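Student: need the 3D shape of this:
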Amino acid sequence: MTSKKIGFVGLGTMGFPMAVNLKKAGFEVIGYDAYKGVYEKAIAAGITMVETLKEVAEQADEAIISMVRDYAQNVDIIFGENAILSAQPKNKTIIVMSTLDPDTMNQLGKKVEEESDLRLISAAVSGGASGAQAGTLSIMTSGSEDIVKSFQPYFDAIGSNTFYYGEEPGNSQVAKLVNNMILGINMNALAEGLKLGKHYNLPQEEVLNLLQVSTGDSWVVRNWSDISEWTADTALAVLLKDLKAAYNEGLKHNVTLPFNALSSTQLFDSMGKEKPKAK
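Tutor: Numbers count the residues shown, from 1 in each chain. Reported below is the predicted structural model:
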């Protein structure tokens, strides 16, 4: 039996190791990226790289993963010139693993449904580049439950845990915002606690040791050595974007999120980091 061919668009920091893990799991990965500099590395990893999105759509058996940056890029790779729809694919599914806000993801799902013979499911991921490399991502899915379940082997290849949040494509994005909102609040809480301890000259390592075996424990506590190195132009900037997105969702739907509001304004101060310069 020949291995299934899965399309993969967007072989960046997250996408490349995810595609590699699909290949390691026995799938043939048909890859495409606008940046041709990644092609040599991808081919060396056993990924079949093609020159056009049309070829991705033609060669993929049932699914194409999109790991591009935003709504505009997703629209471009699906509806643009020589894009996925130029192959007139039928009975194939776009798995959008990009992070979009919930309403935008629902909008994309509606556009795909109304203007093509494709189907769309959303599968937001959490775990960062290290989780992508280790194949231990948390995958938050939404869309047709039958389709999501049938694609479980793909999700198993790139993650440790898959969760399902209902038919609306945007629901998976809400789940990701919830996770990152709680992460941001926890980071602010720990940073404030350590600040008080520092005022009294408590050894920070010993405070962290206490928290790990007490009721103040959290993922943030256990990973503080890494988190404290996050910088304004990398992980902190991404987290701040999600905190603001969660805050805006709360405003839009009249859901009060006071701790999130505080966290989104205090994150850099709490972490003792310079705010990113306005561009």
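Student: CA only for contacts and neighbour counts going forward, please
Tutor: Noted.
Student: checking Phe163 next. Helix, strand or coil?
Tutor: Three-state call for Phe163 (DSSP: H, G, I helix; E, B strand; the rest coil): strand.
Student: leaving aside the residues next to it on the chain, what's closest to it?
Tutor: Using CA to CA, 6 or more residues apart in numbering and skipping residues adjacent in sequence, the residue nearest Phe163 is Met140, 4.9 Å away.
Student: give me the element the one you found is part of.
Tutor: Applying DSSP states H and E as the criterion places Met140 in strand 137-142.
Student: parallel or antiparallel, list what pairs with that strand.
Tutor: strand 119-126 (antiparallel), strand 159-164 (parallel) (DSSP bridges).
Student: would you convert those strands into TSV that also reports mean neighbour count and mean pLDDT?
Tutor: Shown next, in TSV, are the strands paired with strand 137-142 (neighbours: other CA atoms under 10 Å; pLDDT from 0 to 100):
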stretch	mean neighbour count	mean pLDDT
strand 119-126	26	97
strand 159-164	17	98
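Student: do a quick rundown of the helices in the stretch 1-150 of the chain.
Tutor: Under the criterion DSSP state H, counting those that start in this stretch, helices of the stretch 1-150 of the chain are mapped to 15-24, 39-44, 53-59, 71-79, 102-115, 128-134, 145-150.
Student: give me the residues contacting the last one.
Tutor: Looking back up the chat, that one is helix 145-150. Residues outside helix 145-150 that contact it (CA atoms under 8 Å, 6 or more residues apart in numbering) are 121, 141-142, 164, 166-167.
Student: surely Val56 and Ser86 touch.
Tutor: No - the criterion here is CA atoms under 8 Å, and Val56 misses it with Ser86 at 10.6 Å.
Student: which of the two has more neighbours?
Tutor: Neighbours were counted for Val56 and for Ser86 using other CA atoms under 10 Å; Val56 has more, 27 against 16.
Student: for the more buried one, which non-adjacent residue is closest in space?
Tutor: Gly7 (5.5 Å).
Student: surely the one you found touches Glu58?
Tutor: No - using CA under 8 Å, Gly7 is not in contact with Glu58; the gap is 9.3 Å.
Student: of these two, which one has the most company?
Tutor: Here Gly7 and Glu58 are set side by side on neighbour count (other CA under 10 Å), and the busier one is Gly7, at 28 against 17.
Student: before we move on, back to that, right, and the strands paired with strand 137-142 - which one's nearest Pro17?
Tutor: Among those, the nearest to Pro17 by CA to CA is strand 159-164 (11.3 Å).
Student: quick one: average pLDDT of stretch 261-268?
Tutor: Regarding stretch 261-268, the rounded mean pLDDT is 91.
Student: C-alpha coordinates for it, CSV please?
Tutor: In CSV, the C-alpha atoms belonging to stretch 261-268 read as follows (Å, rounded to 0.1, in the frame of the first residue of the first chain):
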residue,chain,number,x,y,z
ALA,A,261,-6.7,43.4,30.4
LEU,A,262,-4.2,44.0,33.1
SER,A,263,-1.8,41.3,31.7
SER,A,264,-1.9,42.7,28.2
THR,A,265,-0.8,46.1,29.5
GLN,A,266,1.7,44.9,32.2
LEU,A,267,3.4,42.0,30.5
PHE,A,268,6.7,43.8,29.6
